[in-house]
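In: Structure, please.
(one chain, ligands or ions: 2)
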Amino acid sequence: MDLRRCSILSYELWNEAKNLFAGGVNSPVRAAVKPYPFYTRRAKGAYIETEDSKQLIDYVLGYGPLILGHSHPKVLNAVKNQLEKGWLYGTPSVAEIKLAEKITKHVPSAEMVRFVNSGTEATMTAIRLSRGFTGRKKIIKFDGNYHGAHDYVLMDAGSAASEFGVPFSLGIPEEVASTVIVCPYNDISCVERTIRKEDVAGVIVEPVMGNMGVIPPNSNFLKDLRSLTREFNSLLIFDEVITGFRLGLGGAQSYFGVKPDITTLGKIIGGGFPIGAICGSRDVISYLTPSGKVFNAGTFNANPVSMIAGLATIEELEKGNAYRISEKAAKILAEEIDSLIKIEHVVNRVFNFFQFFLGVKKVENAGDARKSLREVYVKVHEALLREGVFVPPSQFEALFTSIAHDDDVINRTIEAFRRVLGEVH
Ligand SMILES: Cc1ncc(COP(=O)(O)O)c(C=O)c1O
Ligand SMILES: NCC(=O)CCC(=O)O
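Out: Ligands and ions are numbered 1, 2, ... in the order given. Below you'll find the predicted structure:
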């Protein structure tokens with residue numbers, strides 16, 4: 001393919017990509033876009049422009065990080081300035097101190113931080129840390145929670161693992177898989193039974209499940225997890241890769257008033273650049289190398305570009321507008337979608353992210369989400385794309401809003417939903 005041609009359509013690029021990448025993509029959910037993935041030329045604010053010169057209103061937002069919308073000028077300028085000064089030092093830089101200070105200021109459980117490069121690395125390290133700290137082996141996770149793409153968590157995993165029918169990945173030794181016990185989300189009795197009889201190092205949970213669509217915790221679920229883990233001296237790990245700095249500056253732990261032992265962050269704290277973080281109390285985080293004996297390292301850990309982008313993002317979030325606007329947008333849109341769908345359905349929203357499920361009355365755990373009419377959801381996604389709106393291609397992802405989703409964007413979106421949902425009987 002001659003990539004110098006001034007315009008190449010997504011369809012041609014897709015055909016070329018299928019020869020180059022497994023399934024045509026570099027992360028599976030991207031292959032779920034129907035009828036084939038569009039290729040993005042540029043993006044600004046709430047809009048993506050495709051290689052086919054279509055403008056799409058974006059509710060995927062890079063799968064969550066872009067709470068300031070695409071190419072926010074504050075982040076752009078900060079990154080440009082940083083690039084002039086170099087982009088990788090292999091030494092510490094001031095920006096990592098500043099970003100960690102923001103995190104420890106806002107996130108209640110965070111006294112110390114370790115920066116890594118993805119949510120995957122963050123949860124992998126958090127689990128290893130819980131085992132190293134307690135000297136125990138077993139981990140409890142929840143059906144449909146997704147914590148990234150490493151061996152400790154690909155059991156009953158949500159997101160693309162469920163979308164593509166591999167909630168249990170091949171290639172994970174039975175010896176590893178047998179150390180992880182899966183409970184249904186929102187089922188505290190399963191956790192209680194397990195923690196009483198097993199040697200549980202840690203319980204890892206998405207405080208709001210954002211990887212089977214959106215599923216909020218039942219009223220006492222997080223508090224009960226806190227008391228049980230405390231009683232049995234296991235560590236409670238909140239995976240706040242999605243909720244961190246999305247549900248407000250203090251994330252889900254402030255929103256719900258429950259303080260975990262370890263918090264994993266990612267997505268928003270890098271302002272759209274690769275990042276992950278493990279945070280917690282001084283005594284727990286000090287177990288990491290070099291002060292402790294739980295190993296973690298990384299060539300790109302705390303790289304200055306991600307640090308600067310995250311810092312610029314949090315400074316903007318501290319002004320409050322992004323939360324006000326993104327919540328208003330999600331609320332109006334979720335309510336409108338709820339009123340437009342005429343068949344049985346449920347819309348689950350927490351603050352500024354949400355998902356709708358068709359053909360079911362309630363969705364409180366992954367089992368409920370699996371019963372929804374996923375094939376109809378995909379048709380709605382495809383029809384919305386034709387109408388200029390990009391919602392996640394999979395039922396098992398979330399719609400996110402940002403500071404760029406103003407009244408005009410929301411009104412246009414509602415018009416598109418009206419045209420599309422009129423056809424769903
Ligand atoms: C809750 C949660 N944890 C971990 C991850 C993994 O993060 P990453 O894709 O940056 O590895 C994700 C990704 O979506 C996530 O939603
Ligand atoms: N909810 C899961 C993700 O956001 C992951 C995106 C990806 O792996 O491409």
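
In: Quick one: residues contacting Leu222.
Out: Counting by CB atoms under 8 Å, 6 or more residues apart in numbering, Leu222 makes contact with Val205, Pro207, Ala252, Phe256, Val258. Heads up, the C-betas are built off the backbone N, CA and C, glycines and all.

In: Which members of the residues you listed are positioned in helices?
Out: Judged by DSSP state H, the contacts of Leu222 include Ala252, Phe256 as members of helices.

In: Please list only the buried members of the contacts of Leu222.
Out: Val205, Pro207, Ala252, Phe256, Val258 (16 or more other CB atoms under 10 Å).

In: Report pLDDT for the nearest residue to the second one once chain neighbours are set aside.
Out: With sequence-adjacent residues excluded and distances taken as CB to CB, 6 or more residues apart in numbering, Pro207 is closest to Ala252, at 3.5 Å. Reading off the per-residue confidence, Ala252 sits at a pLDDT of 98.

In: now do the one 5 residues further on
Out: Looking at Gly257, its pLDDT is 98.

In: Would you mind measuring from it to Pro217?
Out: In this view, Gly257 and Pro217 are 12 Å apart by CB to CB, to the nearest Å.

In: neighbour count winner among those two?
Out: Pro217 (22 against 12; other CB atoms under 10 Å).

In: Can you check the pLDDT for that one?
Out: pLDDT, read off for Pro217, is 98.

In: Equivalent analysis for His381, please.
Out: 98.

In: Now Gly42. Nearest residue, chain neighbours left out?
Out: Actually, residue 42 is Arg rather than Gly. Here the residue nearest Arg42, using CB to CB, 6+ apart, is Glu49, at 5.2 Å.

In: brain fart, Gly359
Out: Leu373 (3.8 Å).

In: Next: Pro392.
Out: That would be Val60: by CB to CB, 6+ apart, it lies 5.5 Å from Pro392.

In: which helices and strands does the strand or helix carrying Val420 pack with?
Out: Using DSSP states H and E, the element containing Val420 is helix 407-421. Packing partners of helix 407-421 (3 or more CB pairs under 8 Å, 6 or more residues apart in numbering; DSSP states H and E): strand 55-58, helix 321-340, helix 374-386, strand 389-390.

In: For the helix or strand just after the last one, give me every contacting residue.
Out: Pointing back at strand 389-390 there. The first helix or strand that comes after strand 389-390 along the chain, using DSSP H and E, is strand 399-400. With contact meaning CB under 8 Å, 6+ apart, strand 399-400 is reached by 59-61, 63-64, 66-67, 246, 326, 330, 333, 352-355, 391-392.

In: How many neighbouring residues does whichever residue of the chain sits closest to ligand 1 have?
Out: Across the chain, the shortest distance to ligand 1 (CB to the nearest ligand atom) belongs to Gly119, at 2.2 Å. Neighbours of Gly119 under the rule other CB under 10 Å: 27.

In: That one and ligand 2, how far apart?
Out: 8 Å (CB to the nearest ligand atom, to the nearest Å).

In: Arg128 too?
Out: For Arg128, the distance to ligand 2 equals 21 Å [CB to the nearest ligand atom].

In: Equivalent analysis for Gly422, please.
Out: Gly422 is 29 Å from ligand 2, by CB to the nearest ligand atom.

In: picking that back up, so the residue of the chain closest to ligand 1 touches Thr264, yeah?
Out: Yes: using CB atoms under 8 Å, Gly119 is in contact with Thr264, at 6.6 Å.

In: Overlap of the contact sets of the two?
Out: Counting by CB under 8 Å, 6+ apart, the residues touching both Gly119 and Thr264 are His147, Asp239, Val241, Gly276.

In: Report the rounded mean pLDDT for the helix holding Val420.
Out: 97.

In: ok, residues contacting stretch 46-61?
Out: Contacts for stretch 46-61 (CB under 8 Å, 6+ apart): 7-10, 13, 38-43, 67, 69-70, 385, 388-392, 397, 399-402, 404-406, 409, 412-413, 416.

In: again, only this time at 7 Å
Out: 8-10, 13, 38-43, 69, 385, 388-392, 399-400, 402, 404-405, 409, 412-413 (CB atoms under 7 Å, 6 or more residues apart in numbering).

In: Going through those residues, which ones are buried?
Out: 8, 10, 13, 38-39, 43, 69, 385, 389-392, 399-400, 402, 404-405, 409, 413.

In: picking that back up, now for the contacts of Leu222: which two are most distant?
Out: The distance between the two most remote of the contacts of Leu222 (CB to CB) is 11.4 Å, for Val205 and Phe256.

In: Run the contact check for the helix or strand bottoming out on mean pLDDT in the chain versus ligand 1.
Out: Using mean pLDDT, DSSP states H and E, the weakest-scoring helix or strand in the chain turns out to be helix 160-163, at a mean of 89. No: contact between helix 160-163 and ligand 1 is absent, the nearest approach being 9.0 Å (criterion: CB under 6 Å from any ligand atom).

In: So which residues on the stretch 201-350 of the chain come close to ligand 1?
Out: Glu206, Gly210, Asn211, Asp239, Val241, Ile242, Gly266.

In: Make JSON lines out of the residues you listed and add pLDDT.
Out: Shown next, in JSON lines, are those (pLDDT from 0 to 100):
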{"residue": "Glu206", "pLDDT": "98"}
{"residue": "Gly210", "pLDDT": "98"}
{"residue": "Asn211", "pLDDT": "98"}
{"residue": "Asp239", "pLDDT": "99"}
{"residue": "Val241", "pLDDT": "98"}
{"residue": "Ile242", "pLDDT": "98"}
{"residue": "Gly266", "pLDDT": "98"}
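
In: farthest pair in those?
Out: Asn211 and Gly266 (12.9 Å).

In: The residue in the stretch 51-200 of the chain that ligand 2 sits nearest to: what's it in contact with?
Out: The nearest approach of the stretch 51-200 of the chain to ligand 2 comes at Tyr63, 3.1 Å away (CB to the nearest ligand atom). Counting by CB under 7 Å, 6+ apart, Tyr63 makes contact with Glu397.

In: For it, grab phi and psi.
Out: phi 60, psi 40 (degrees, to the nearest 10).

In: So which residue is smack in the middle of this structure?
Out: Nearest to the mean C-alpha position of the chain, by CA atoms, centre = their mean, lies Ile242 at 3.5 Å.

In: tell me which element it is part of?
Out: Per DSSP H and E, there is no helix or strand for Ile242.

In: wait, what's in contact with it?
Out: Gly64, Gly210, Lys267.

In: Please convert those residues to a markdown table, extending it with neighbour count and secondary structure.
Out: Listed next are the contacts of Ile242 as a markdown table, based on neighbours: other CB atoms under 10 Å; DSSP: H, G, I helix; E, B strand; the rest coil:
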| residue | neighbour count | secondary structure |
| --- | --- | --- |
| Gly64 | 22 | coil |
| Gly210 | 28 | coil |
| Lys267 | 27 | helix |
